[in-house]
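S.K.: Just to be clear, the model below is a prediction. Sequence and coordinates:
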Amino acid sequence: MLTSFGRTADVAGPEWNDRGVRLLLIEDDDAIADSLRGPLEAAGMDVDRASNGADGIESANRGVGPDVVLLDLGLPDMDGYDVCRAIRSVSQVPIIVVTARSDEFDRVLGLELGADDYMVKPLGARELVARIRAVMRRSAPSPRDDAASSDQIVVGGLVIDTRTHRVHLHGSELSFTPKEFELLVYLSEDAGAVRTRTDIIEHVWDANWFGPTKTVDAHVAGIRKKLGDARWIESVRGVGFRFEDPAEAHG
């Protein structure tokens, strides 16, 4: 359940407008669901709840879907990881796992399956609302006034369109989670250069990120798998990662 933080109205800061945000809460425990709903609605969000995995998947994929999903892993009918995988297979909606499972393995697995963030119960309401706002900011496409060609990053046979959030490799479209896409863009914007772990976390997550250190590795592994060649992203021991076309880098 949520820890106390003071007046619930405090979560609705003046710098952010949560009005109209559609949030899907997939949680089977009534008490926990009620404790989560209060501060979220106090922040102005519209909360829809599903009490099992099957209903959660249906709600996430129905018509105009949610803007963000809060997902518990311990559901009565199916494992939350399977729910995350099912939603991510058809939608790029931001997913925040909210669970009592605190092992690093569980965190990394959740991120590899497409979750954008992972929070361990008990939760602080201020942090919960801040995390929701953060994943929504990161997943929202940035308005651009440049010509369409400037919205594309081309590295060898890889074409990344930052305006439409679409990626093609040798003409075939690939699907990435919002966080994987943001990391891919950051690495590819300066192909051949080494991006340090610190720079990656500050630019792709944020300077105040306190998540597990394996988060970056999990997302890099996901990108490598989808690109079909691990050589696209080279690990530079003790420093970070270098992005480059394997055909050019390795002859």
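M.R.: Good, I have the coordinates.
S.K.: Domain ranges for the chain, per the record?
M.R.: 2-139, 148-249 (automatic domain parsing).
S.K.: Correct me if wrong: G20 contacts P66.
M.R.: No: using Cβ atoms under 8 Å, G20 is not in contact with P66, being 11.7 Å away. C-beta: built from backbone N, CA, C; applies to glycine.
S.K.: Just want to know which of the two has more residues nearby.
M.R.: Counted by other Cβ atoms under 10 Å, G20 and P66 do not tie: P66 has more neighbours, with 24 against 9.
S.K.: can I assume that one sits in a helix?
M.R.: No: counting by DSSP: H, G, I helix; E, B strand; the rest coil, P66 is not part of a helix but coil.
S.K.: Skip the chain neighbours and tell me the closest residue to it.
M.R.: L24 (3.8 Å; Cβ to Cβ, 6 or more residues apart in numbering).
S.K.: Which helix runs longest in this protein?
M.R.: helix 125-139 (DSSP state H).
S.K.: So what's the gap between that one and the chain middle?
M.R.: Relative to the centre of its chain, helix 125-139 is centred 11 Å away, using Cα atoms, centre = their mean, to the nearest Å.
S.K.: Over to stretch 187-197?
M.R.: Counting by Cα atoms, centre = their mean, stretch 187-197 comes out at 20 Å from the chain centroid.
S.K.: that older thread, so the residue nearest to P66 is in which element?
M.R.: strand 22-26 (DSSP states H and E).
S.K.: so what strands line up beside that strand?
M.R.: Counting by DSSP bridges, the strands paired with strand 22-26 are strand 46-50 (parallel), strand 68-71 (parallel).
S.K.: hey, which of these is tucked in deepest?
M.R.: Highest mean neighbour count of those: strand 68-71, a mean of 26 (counted as mean count of other Cβ atoms under 10 Å).
S.K.: so how far is H170 from K179?
M.R.: The gap separating K179 from H170 is 24 Å, by Cβ to Cβ, to the nearest Å.
S.K.: An error on my part: the question was meant for G192.
M.R.: As it turns out, when the distance is counted by Cβ to Cβ, G192 lies 20 Å from H170.
S.K.: Who has more neighbours out of these two?
M.R.: A direct count of neighbours by other Cβ under 10 Å for G192 and H170 places G192 higher, at 12 against 9.
S.K.: before we move on, what SS does that one have?
M.R.: coil.
S.K.: tell me what the very next helix or strand once past the strand holding L24 is packed against?
M.R.: Sequence order places helix 30-42 as the next helix or strand after strand 22-26, per DSSP H and E. Contacts defined by 3 or more Cβ pairs under 8 Å, 6 or more residues apart in numbering; DSSP states H and E place helix 30-42 against strand 2-3, strand 22-26, strand 46-50, helix 125-139.
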